[in-house]
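**Q** Everything below, folded, please.
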Amino acid sequence: MSNLKIKHELQSFYNDFMKDLQTETLKMSPFEAFLEEYVKYMEFPSTPIYVEFYRPNLNVQVDAYSYEEDEKELNLYIIDFDEFMDQPEEITMTALKELANKAKRFFSQYNALPIDPSHDINDLLSLLKNEESVIERLNITVLTNKYYRTNKPIELTIQKNIQLDVEVWDIDRLFQIVSSEQESSTILIDFQDEFNQSFELMKVPQPKSLIENHDTFDCYIGFISAELLAKAYDKWGPKLVERNVRSFLQARGATNKGIRDTLKNESEKDLFVVYNNGISSVARSGNLTPSSNGSHVFNIETLEGWQIVNGGQTTASIHKAYRDGVDLSEVFVQTKLTILHTADSDSSMLAEEEMVAKISKYANTQNKINQSDLLANTKFMSSLEHYSRTVWIPSQDKRKAESKWYFERARGQYMVDLNRRKRGKEQTEFKKEFPKELLLNKVDLAKNFMSWEGFPHVSSKGGEEAFKKFMEQNKSYWKYEKNSENQLKELEDFTSIMFKRLIARVIINRKVQDVVNTLGLKGYKANVVYYSTAMLNKLYGDSINLEEVWNNQSLSDKWDNVIKEIAQTTLEFLRNSAGEQNVTQWAKKEQCWKEFVSECEKQLKYIV
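**A** Numbers count the residues shown, from 1 in each chain. Model (predicted):
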């Protein structure tokens, strides 16, 4: 793809992105809307809490934060958003470093900062000052709608024996996420021509049963030069790991730090192949020629659609060492390559995706895999996707139905689907059938479901925890279990009626969110929404018909005042009951929900 075409497509993506933001700014501030839009692409475990803390005289800034208690990880976010910029302008490393330094100064100086007691930042301060809040890693993320051309790492250091990582999300990174899936299957890498290197792998003999039934794959094992792997990643970047369950994650964390330390240590890096589990990859085809080095040995000259489905963080860590000037010429990485012989039919493509998901799951032994990624290909998720593409929304004016909800099984699926169509009439028709405001991803679906069902503390823990519980609640649609006679029970059919009821829960959550937005909250708006939705169902669920909500595509306005009163009560309860605790962390505990029910159920019950 030419640079001119890439530039044109980036501009088109930017225009659409800013247009979507304009719609969202009717509900919230431009900066908060910008944050929420970026988070959709990033898929972090916990939703960042918007606090908008800025002290220009002290050069200190924190726009949002999140804390991962299990990982002992604090995330601080800096927003660099120019809402009047017609096209992405370039941002320099110096400018990015100064932005990141503002968050670093806050972390280093928070005890000495003059802060208004009513400011939302105080919730973060209570977390930092709590002795039980252990922080081993500080991640500073700069979000910008500018374009970081060099893409070089931003290096900062900090005291207190804390690991500090700086990550940059520019507009081009979002564009890459959307565009890379479209191109990943068509990447053709000629190792010898592009990098003046190739590598050899041994073909694994296939069982006779596979050969007799028309084999669908070939498997090769061996090792690849770390230098060659780094060079390939340097050129193709995210496109090589798009189907990795942890794609687009930076080389951070204890495992990745260990990889980098091993590579930098002259006495240990030669043993990298002993210490590291290597990578698993897939490709659609390639030029693999028999080697003179022995039977079953093949020289890997070219690969089409090469994807690293497990070992993405290993690859990223090797690449970072390569960019830092570490000599990798004598370092090798064990690898497994599977050539998938699948046709272009929908059923073959689905079979391929399921195989990739299983390879990712079973090969992984290094870091936690998101359940939302691993379970994306279950029958339940496939059924949800199917109904979202076939069930029309009832027309409200007696005309024929024109639109549907769009459920994303995979991140960025909507934009990929949109961009497969020609600009102009085809994209306009797609947006009419699947309006952007009716886009729904799997973790938001899970959080909305769990809050309505009376688990707001689970929704408050973030998308991954909510999704895990959501799948457990609905396991009869996808997970085979044994009955008392040790026989596998049949899976239940997930019907269109059940799909409509799931969407109705989403509609109710969004209604509550709209009402809560009128309260002007910043700090823990999401928690108020989850708890208010749960209490609405607990008090008035018998009076709310989910199928009626689906048919009307809304919850009646008669509930507005009820929701507002519940939300205000929720806000007061969360603030008062937390005491010295961080409100957001308190909202994640089941005890918080139990106390809320006990204290507020009677005072909120009244006739609508």
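**Q** next one: the helix or strand hosting residue 571 to chain centre, how far?
**A** Applying DSSP states H and E as the criterion places residue 571 in helix 560-578. For helix 560-578, the distance from its own C-alpha centre to the chain's C-alpha centre is 30 Å (Cα atoms, centre = their mean, to the nearest Å).
**Q** Buried ones in that helix, by neighbour count?
**A** Residues of helix 560-578 classed as buried: 562, 563, 564, 566, 567, 569, 570, 571, 573, 574, 577, 578 (neighbour count, 16 or more other Cβ atoms under 10 Å). Quick note: C-beta positions are derived from backbone N, CA and C, even for glycine.
**Q** One more: stretch 412-427?
**A** By neighbour count with 16+ other Cβ under 10 Å, stretch 412-427 contains the buried residues 412, 413, 414, 415, 416, 418, 419, 427.
**Q** Turn the residues you listed into TSV, columns for secondary structure and distance to residue 271.
**A** Rendered in TSV, the data for the buried residues of stretch 412-427 read as follows (DSSP: H, G, I helix; E, B strand; the rest coil; distance: Cβ to Cβ, whole Å):
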residue	secondary structure	distance to residue 271
412	coil	38
413	helix	41
414	helix	45
415	helix	43
416	helix	41
418	helix	48
419	helix	45
427	helix	53
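**Q** And the residues you listed, which is closest to residue 49?
**A** When these are compared for distance to residue 49, the smallest value, 24.2 Å, is given by residue 412; criterion: Cβ to Cβ.
**Q** where does residue 58 land in three-state SS?
**A** Secondary structure for residue 58, judged by DSSP: H, G, I helix; E, B strand; the rest coil, is coil.
**Q** actually residue 78, sorry about that
**A** Reducing the assignment at residue 78 to three states with three-state DSSP gives strand.
**Q** any idea how far it lies from residue 509?
**A** If you measure residue 78 against residue 509 using Cβ to Cβ, to the nearest Å, the figure is 29 Å.
**Q** Phi first, then psi, for residue 581.
**A** Here is the backbone geometry of residue 581 (degrees, to the nearest 10): phi -80, psi 160.
**Q** Neighbours of it, how many?
**A** When counting by other Cβ atoms under 10 Å, one arrives at 18 neighbours for residue 581.
**Q** mind listing what the residue nearest to residue 233 when sequence neighbours are not counted touches?
**A** Once its chain neighbours are removed from consideration, residue 233 has its nearest residue in residue 319; the separation is 4.5 Å (Cβ to Cβ, 6 or more residues apart in numbering). Taking Cβ atoms under 8 Å, 6 or more residues apart in numbering as the criterion, residue 319 is in contact with 229, 230, 233, 234, 251.
**Q** what mean pLDDT does the helix or strand where residue 319 lies have?
**A** Per DSSP H and E: residue 319 is located in helix 312-323. Averaged across helix 312-323, the pLDDT comes to 82.
**Q** Render the CA-only coordinates of that helix in CSV, please.
**A** Taking only C-alpha atoms (Å, rounded to 0.1, in the frame of the first residue of the first chain), the coordinates of helix 312-323 have been written out as CSV:
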residue,chain,number,x,y,z
GLY,A,312,3.4,-11.6,21.0
GLN,A,313,4.9,-10.1,24.1
THR,A,314,8.0,-12.2,23.7
THR,A,315,8.3,-10.8,20.2
ALA,A,316,7.7,-7.2,21.4
SER,A,317,10.3,-7.6,24.1
ILE,A,318,12.9,-8.9,21.6
HIS,A,319,12.0,-6.0,19.3
LYS,A,320,12.5,-3.5,22.1
ALA,A,321,15.9,-5.0,22.9
TYR,A,322,16.8,-4.8,19.2
ARG,A,323,15.7,-1.1,19.0
